[in-house]
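>>> Give me a 3D structure for the following:
(one chain, ligands or ions: 1)
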Amino acid sequence: MSKNILVTGSEGYIGSVLVEELVKNGYLVTGIDNCYFEESRDRSRLKNYRLIKEDIRKIDKLDLSPYFAVIHLAALSNDITGDIQPEKTFEINYLSTVRIAQKAKREGVKKFLFSSSCSIYGIAKNGIVDETSRINPLTPYAKAKIAAETELKKIADNIFCVGLLRNSTVYGYSPNFRNDLVVNNLVTVALATKKITIMSDGTPWRPLIDVLDLSRIFIKFLEANPAQINSQVFNIGFNENNLQVRNIAEKIKEELPQSVIIYTHQHGNDVRTYRVNFHKFHRSFPEISQQWPLGKSVKKMIAKLNEKNFNTMDFRTEKYTRLAVLNRLLKSKALDKEFYWTSHG
Ligand SMILES: NC(=O)c1ccc[n+]([C@@H]2O[C@H](COP(=O)([O-])OP(=O)(O)OC[C@H]3O[C@@H](n4cnc5c(N)ncnc54)[C@H](O)[C@@H]3O)[C@@H](O)[C@H]2O)c1
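Below is the predicted model:
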């Protein structure tokens, strides 16, 4: 197996950790990313990693034939960013995904791993959902993920292996940190205000996974026998990490005991609640166990944020909030309406 890997979205929250892990494991990594979130990225740079600053919608410029695999992360990356302009989410998250996979297959890439999301389960009040359950995608983001999964399955064949990873919501520190994910959000709110403010009554369920655990799993999928994963959907996470938001708050309070937990009971637009069954993933990869449970990861996150002097201003200016950053870039015309950089960018 060649060790030459292309990672799209390599400069993002998951990408920055995954690239480090790939390089540590001896892979030759090229990244493609248009670097929307440069402002929040740590300045330290990895050796042995080549970044192509380009939009994935311009993938035609790139020769994919040298790569054994593509790990496809680039996207407008959560339910709320999907609402900013639903047609852009469709174009970047769905159309581009399909185009990259088709091109990769034509040019001889052997494997394509897609970063899908458990968010497609939406509201699942009755019991625990598995890969065969009815999906309930509530947002343009979730709809684009499911549309991409469906097309990618059609592109897969016995020479082009496609793995579809429906990831849990991620937590943990990353060189390109974001705080619009539930755990990271509550930690930064607590650091900035000494309050763990929960917008709901705390009962919604979320499946969670640490960013390093997820990166190790991507590498397992890279190394897996194609027959084991091809054209298949896997819920990615750990059964013990289906938590209610109030359990998350309590765990964070253990690390920041001076914080007060507050419930505002305003669900806002987010009515998602889902518990996910991960048996298929654990049956297929029994050797993988969780190394970064919530408490341990939160402790590390707090230490890292303190090290980089995370402060109330970072919190107020929403430096680590993807939607706010994109809106700012659009407003200042650094990005044009098509989400391409302008000369001001
Ligand atoms: N973070 C999570 O909890 C989570 C959970 C499930 C699935 N996912 C998926 O994993 C992937 C990565 O998520 P993340 O948390 O790292 O998000 P992120 O926003 O931190 O990173 C996404 C990266 O993609 C890049 N990008 C976006 N549009 C692009 C384009 N048109 N061309 C080139 N680059 C572009 C951005 O610049 C960014 O660096 C996404 O597909 C996301 O939907 C994330």
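>>> Quick one: the strands in the stretch 201-345 of the chain, in order.
For the stretch 201-345 of the chain, applying DSSP state E, counting those that start in this stretch gives strands covering 205-210, 232-236, 242-244, 260-263, 273-276.
>>> Would you mind checking which of the ones you listed scores lowest on average pLDDT?
With a mean of 86, strand 273-276 has the lowest mean pLDDT of the strands of the stretch 201-345 of the chain.
>>> Just the C-alphas of it, formatted as CSV.
Extracted in CSV, the C-alpha atoms of strand 273-276 (Å, rounded to 0.1, in the frame of the first residue of the first chain):
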residue,chain,number,x,y,z
THR,A,273,-31.5,14.6,20.0
TYR,A,274,-30.2,11.2,19.1
ARG,A,275,-28.6,8.2,20.7
VAL,A,276,-26.5,6.1,18.4
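>>> pLDDT wise, what is residue 182 at?
Value for residue 182, per-residue pLDDT: 93.
>>> Return the helix or strand in this structure with minimum mean pLDDT.
One helix or strand of the chain scores below all others by mean pLDDT, DSSP states H and E: helix 79-84, with a mean of 66.
>>> Specify the next element, helix or strand, located C-terminal of that one.
For helix 79-84, the succeeding helix or strand toward the C-terminus, using DSSP states H and E, is helix 86-89.
>>> How far away from the center of its chain is that next one?
Relative to its chain's centre, helix 86-89 lies at 18 Å (C-alpha atoms, centre = their mean, to the nearest Å).
>>> That helix near the ligand anywhere?
No. Against the ligand, helix 86-89 shows no contacts by C-beta under 6 Å from any ligand atom, the least distance being 8.6 Å. Yep, even glycine has a C-beta here, placed from its N, CA and C like the rest.
>>> can you give me the mean pLDDT across that helix?
In this model, helix 86-89 has an average pLDDT of 91.
>>> elements contacting it?
The elements that helix 86-89 packs onto, with contact taken as 3 or more C-beta pairs under 8 Å, 6 or more residues apart in numbering; DSSP states H and E, are helix 140-155.
>>> pLDDT score for the residue of the chain found nearest the ligand?
At 2.0 Å from the ligand, residue 12 is the closest residue in the chain, using C-beta to the nearest ligand atom. As predicted, residue 12 sits at a pLDDT of 97.
>>> burial count for it?
By the criterion of other C-beta atoms under 10 Å, residue 12 has 27 neighbours.
>>> Hmm, it is touching residue 176, no?
Yes. Contact criterion C-beta atoms under 8 Å: residue 12 and residue 176 qualify, at 5.8 Å.
>>> Quickly list what's touching both of those two.
Jointly contacting residue 12 and residue 176 under the rule C-beta atoms under 8 Å, 6 or more residues apart in numbering are residue 37.
>>> tell me the contacts of the residue nearest to residue 237 when sequence neighbours are not counted?
Excluding the flanking residues, the one nearest residue 237 by C-beta to C-beta, 6 or more residues apart in numbering is residue 168, at 3.5 Å. With contact set as C-beta under 8 Å, 6+ apart, residue 168 has these partners: 118, 206-209, 214, 235-237, 241, 276.
>>> again, 7 Å this time
Contacts for residue 168 (C-beta atoms under 7 Å, 6 or more residues apart in numbering) come out as 118, 207-209, 236-237, 241, 276.
>>> quick one, which of the strands of the stretch 201-345 of the chain is packed in tightest?
Greatest average neighbour count among those goes to strand 205-210 (a mean of 24), per mean count of other C-beta atoms under 10 Å.
>>> That strand and the ligand, any residue contact?
No. Using C-beta under 6 Å from any ligand atom, strand 205-210 stays clear of the ligand, with a minimum separation of 8.1 Å.
>>> Name every strand pairing with that strand and say which way it goes.
When pairing is defined by DSSP bridges, strand 205-210 lines up against strand 169-171 (parallel), strand 242-244 (antiparallel).
>>> Need those in TSV (columns: distance to the ligand).
Converted to TSV, the strands paired with strand 205-210 look like this (distance: least, C-beta to the nearest ligand atom, whole Å):
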stretch	distance to the ligand
strand 169-171	4
strand 242-244	14
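>>> could those strands be laid out in CSV, adding distance to residue 201?
CSV is the format used below for these (distance: least, C-beta to C-beta, whole Å):
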stretch, distance to residue 201
strand 169-171, 19
strand 242-244, 10
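>>> Of those strands, which is nearest residue 342?
Residue 342 lies closest to strand 169-171 among the strands paired with strand 205-210, at 30.7 Å (C-beta to C-beta).
>>> Let me see the residues that make contact with the closest one.
Everything outside strand 169-171 that qualifies as a contact, by C-beta under 7 Å, 6+ apart, is 14, 181-184, 206-211, 214, 294, 297.
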